[in-house]
Every structure is written in C-alpha cells, then in structure tokens.
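> Got a predicted structure plus its sequence, pasted below:
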Amino acid sequence: EILKADVSVGQVSFDLFKRIIIEDLHLNDRNGQKMITVSRLSARYELLSLLEEKITINSIQLLGFSIQLNKETPESEPNIQFLLDAFSSNDSIQKESNINLRINSILIRRGSVCYDVLSKPETPGIFNPSHIGINNFEATISVKALNRDSLNATIRRFSFNEKSGFKLKKLGGRLIANNKFMNIDDFTIQFPQTTINLEQTKVKFDSLHHLPLMNKDVKYQGKLNASLCLSDFSSFIPQLKSMNEPILLQSSFNGIGKEFYIPTLSLNDKKHIRINGRASIMNWDTSKNMYLKAQLTEFFLSQSGLNYFIGNLTGNVPPVIERMESIHFNGYAEGYLHKLRIHGEAKTSAGEVNTDIEVKTDFNNNRTYTGTLTSNNLNLKKILKQDKLGTAQFNIKIDGFDMKGRYPESYVNGIISSIEYSGYQYQD
C-alpha cells in the first residue's frame, strides 16, 4: 500500500541472530512494468554487535538481479521516483551520522541495469547516455571500516559490459581515508586490451567537506602507468575502432584544488609516436575557462604514424601532410581550449618550419589557424608535388587557415626571401 505498486517475494528464510535470505523478489513500476527483479539476496550478520553500537555484516550476496529504469522524456520523472520518495526522509534538518559499519564481503553476480529515455533515438554500436544497457555486472567489495570520520575499503573486482560494446574487464584497489587524508593503493582499471595503474596516490585536505569542492585546501599527487589500446574506447569515438596497437603512457602528477600539474609525461608506441614533456591545467572542471600550458621537449610522428593516427581519426591524410613523411616538433602550447597558441619548431623530411600559430575553435567545433610560419629551407617541390619548384625561404602570415576536404584554404600574406623555380634561384 505504501508503494502503490506490485511486489512479490518467492521465499524468505530468516534467522534473527545470523542471517536473512530473500529469493525471487519482483517489483513493478506504477505502470505495471517490471522494474526490479532479484533471484537471491542474502546477508549474514552479527546482531550482538549492535550492543557495542556497531553494525557488523559478515557477507552480503546479490545474485541474478535486473533493474530496468526509464522515463518518457528528459524532463519526466523516472519510473523509480516513487520508490526513492518512499524511502527518503521528510526531515529538512540534516543530522550528523554516527554510523559504525563493517562489511567483510559484498558479492554481486549476474547483474543487469537498463536505463532508457523513451523519447530519444537509439544509436546501435555507439554509447548513448539516453539508452544505457549494462549486463554481466559483477563486484567483490570489502568495507573494513566506515564511520563518521574514516573509511577503509577494498574493491577486489568490479566489471560489466555495456550494450554499445564497451567492456570494463576489471576495476580494483584499496581506499583508506579520514578527515585529513585519502590514500589510494594498487588502483587498477582493465579493459580488454588496456591496463591503467595509479600508484602512490595521496590526497590531503583540511576537511572532508572540502574534498568535493576541490578548493585550495585539497592537495594531491600520484603516478600513472598505462598500456592503452584506443580501440577499447571506440564505443565513445567510433574512429578508434581500428587502432589496436598498444601505447605506453607514464606520468607523475600533483595538484592544488583545480590546478593540475604534470611534471613528467612520456607516451610512445615504439613505432608511430613518441612524446615527452610536461603540462599544467588550470580550472580543469570547466571547458570554457580551462587554461592549458604544455611544454613538448619531444614530439615525433613517423610516416606510418601519420596514416595511423590522422588517417583513422579523420578518414584521410591531406596530401601536403602525407608528403612530409615524418614530423619532429618541440615547443609549447598555451591558452584556453577555444583559443590556443602553439609555438615551436617542426622538422620534416622536406625541411624545417618555425611556427607561431593560434588555433581558434567556434561553437560548432570548427577550427581555424592564424599566425606566422618561417623557414630557411622548405622543399616545396616535395610538399606540393610541383616539379618546377625547389626550396624556399620565407616568413608568411596565415589568416583563417582551414582544411576544405583534402586541401588547405587560407588568406596568406608575407615575404618570400628566396625560392627555386625551374632550376633558378629567385631572391627578394
């Protein structure tokens, strides 16, 4: 009567001092559609621990469950809202929690969760936040201590598949925290061909309430080691589907609030790409005001890398870039994501070019390039594939450079100090 929805339970086994087992639980939403089903839910506990103002649960098992959530439109209430309302507190005054909890083992197997916004179209093979379908959900968790000012928990296993094709093979680690610090040890995320490890991750703060705010009182540091296979994330970016070669990533990081620093960064796949440098990101939680500084001491993209990365991500490699064969670059980038300045020296098989370019991105994600390019020995014959041209020395300005199909288009103004044409050297 409280829920005003159909509820049925197949069997309940109960031992007041030891355990409870619920089998074949079914709960429909208020439209009469299946919402929650559970094959078996059991808990073993120590009732006498309540005399010491503690809650001690030896094990919780949730086996074979299905949760089906939906809403008609993005603005509608979800079908589970009535259940949330039934168990929510009507007390507007927040009371301080005195919980003292220990759960030795939480075992979850054969779970599935679906969420659908019925008015939104589906996108088969591409992750869609309006149509989420999780299956084979499994978890093994231990909570050694949870009280008002401390937490000690271990995730031994956490995995699931999503209907778009995305798979989380394993997530695990140990978390220890109190009112002043949080340590994360042996944190590992595995996808089918990707492994990400966080080492020695430490977070310090003046108060636990400051942590979600990420203000100046929150300080953190750690190390990251990863072997990335980009095709594991093709459900989010379809262009990554054919990018199966592993990329090794190593970095250290630290930060204060929303200021994030990467003093060391190394990325390579031993074949296509090699990057070394450092970076910092200010206001990382806002895309509009995010400010980036990156110093590249080394950036190398091989000829095969041009085809592998640019070809897969854009569908084709512009002929001008393809003829460069490989690219070496060192320099820096600084600015907002919508207005980023790139300054440095690029070396290719066709010669060297010094760049000072500003990249602007509009609201439609269209990019234009404005700035200067200078060179003392650029081989135009090789880049433009024009037999009558040779090397050139120039200092030019470009305004609004953009790619129209496979070819560049821009307004160009500047000085060409010298250029070879039909075997003759022409100079300013």
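Received the coordinates, thanks.

> So for the protein, the centremost residue is which one?
Against the mean C-alpha coordinate of the chain, by CA atoms, centre = their mean, the closest residue is Phe233 at 9.5 Å.

> how close does that residue sit to Leu175?
Here the criterion is CB to CB, to the nearest Å. By it, Phe233 lies 25 Å from Leu175. The C-beta positions use only the backbone N, C-alpha and C, and glycine is treated the same way.

> same question, Phe160
Taking CB to CB, one finds Phe160 at 20 Å from Leu175.

> swap in Ser235?
As it turns out, when the distance is counted by CB to CB, Ser235 lies 28 Å from Leu175.

> Of the two, which one has the most company?
Comparing Ser235 with Leu175 by neighbour count (other CB atoms under 10 Å), the higher total belongs to Ser235, at 20 against 16.

> so which helix or strand takes in the more buried one?
In this assignment (DSSP states H and E), Ser235 forms part of neither any helix nor any strand.

> Could I get the buried residue list for stretch 260-273?
Taking 16 or more other CB atoms under 10 Å as the basis for neighbour counts, the residues of stretch 260-273 that come out buried are 260-262, 265, 267-269, 272-273.

> for stretch 186-193, that is, sorry about that
Of the residues in stretch 186-193, those scored as buried under the neighbour-count criterion (16+ other CB under 10 Å) are 187, 189-191.

> now stretch 81-88
Using 16+ other CB under 10 Å as the test for burial, stretch 81-88 gives 82-83.

> Export only the CA atoms of it, formatted as PDB.
As requested, C-alpha coordinates have been extracted for stretch 81-88 and formatted as PDB (Å, rounded to 0.1, in the frame of the first residue of the first chain):
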ATOM      1  CA  GLN A  81      10.900   8.000  -8.400                       C
ATOM      2  CA  PHE A  82       8.100   6.600  -6.300                       C
ATOM      3  CA  LEU A  83      10.500   4.200  -4.600                       C
ATOM      4  CA  LEU A  84      13.000   6.900  -3.900                       C
ATOM      5  CA  ASP A  85      10.300   9.100  -2.400                       C
ATOM      6  CA  ALA A  86       9.100   6.300  -0.200                       C
ATOM      7  CA  PHE A  87      12.500   5.800   1.400                       C
ATOM      8  CA  SER A  88      13.500   9.500   1.500                       C
END
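
> can you give me how far that stretch is from the chain middle?
Averaging C-alpha coordinates over stretch 81-88 and over its chain gives two centres that are 32 Å apart (CA atoms, centre = their mean, to the nearest Å).

> Give me the mean pLDDT for that stretch.
Looking at stretch 81-88 alone, the average pLDDT works out to 86.

> close enough to count as contact, the residue nearest to the centre of the chain and Lys241?
No - if you go by CB atoms under 8 Å, Phe233 and Lys241 don't touch, sitting 9.6 Å apart.

> Gln386 belongs to a strand?
No - Gln386 sits outside any strand when classified using DSSP: H, G, I helix; E, B strand; the rest coil, being coil.

> so who does it touch?
Contacts were defined as CB atoms under 8 Å, 6 or more residues apart in numbering; by that measure Gln386 touches Leu380.

> That one and Asn135, how far apart?
According to CB to CB, Gln386 and Asn135 sit 57 Å apart.

> now Asn312, what's its secondary structure?
helix.

> Show me where the stretch 1-150 of the chain has its strands.
For the stretch 1-150 of the chain, applying DSSP state E, counting those that start in this stretch gives strands covering 7-15, 19-28, 34-46, 55-71, 100-117, 131-147, 150-162.

> what about Leu249, helix or strand, and which?
Taking DSSP H and E as the criterion, the element that holds Leu249 is strand 247-256.

> chain center to that strand, what's the gap?
The chain centroid and the centroid of strand 247-256 are separated by 14 Å under CA atoms, centre = their mean.

> Buried by neighbour count: which residues of that strand qualify?
For strand 247-256, the buried set under the neighbour-count rule, 16+ other CB under 10 Å, comprises 247, 249, 251-253, 255.

> residues making contact with that strand?
When contacts are defined by CB under 8 Å, 6+ apart, strand 247-256 is touched by residues 216, 218-230, 260-270, 273.

> who's in contact with the residue nearest to Asn70 when sequence neighbours are not counted?
Closest residue to Asn70 apart from its sequence neighbours, by CB to CB, 6 or more residues apart in numbering: Asp116 at 4.5 Å. For Asp116, the set of contacting residues under the criterion of CB under 8 Å, 6+ apart consists of 69-71, 130-132.

> in whatever helix or strand Leu171 lives in, what's buried?
Assigned by DSSP H and E, Leu171 falls within strand 170-178. Of the residues in strand 170-178, those with enough neighbours to count as buried (16+ other CB under 10 Å) are 171-177.

> Return the member of the residues you listed nearest to Lys381.
Nearest to Lys381 out of those is Leu171 (CB to CB; 53.7 Å).

> Beta-bridge partners for the closest one, please?
On DSSP bridges, the residues paired with Leu171 through beta bridges are Ile189.

> State the distance from it to Gln221.
Distance of Leu171 to Gln221, computed by CB to CB: 21 Å.

> And for Leu27?
For Leu27 relative to Gln221 (CB to CB), the value is 45 Å.

> which residues touch the strand holding Leu171?
With contact meaning CB under 8 Å, 6+ apart, strand 170-178 is reached by 149-159, 182-190, 198, 208.

> of all the buried residues of strand 170-178, which comes closest to Gln303?
Taking CB to CB as the measure, Gln303 lies nearest Leu171 of those, at 37.6 Å.

> So for the closest one, what pLDDT did the model give?
Predicted confidence (pLDDT) at Leu171: the value is 96.

> Against Ile196, how distant is it?
In this structure, Leu171 and Ile196 are separated by 10 Å, where distance is defined by CB to CB.

> Now do the buried residues in stretch 70-81.
Buried residues in stretch 70-81 (16+ other CB under 10 Å): 70-71, 78-80.

> If you average pLDDT per helix and strand, which one of this structure comes out bottom?
In the chain, no helix or strand scores lower on mean pLDDT, DSSP states H and E than strand 407-421, which sits at a mean of 73.

> what about this protein, any weak spots by pLDDT?
Scanning the chain for pLDDT under 70 picks out the ranges 1-2, 89-97, 400-412, 428.

> so where's the longest helix in it?
When secondary structure is assigned using DSSP state H, the longest helix within the chain turns out to be helix 81-87.
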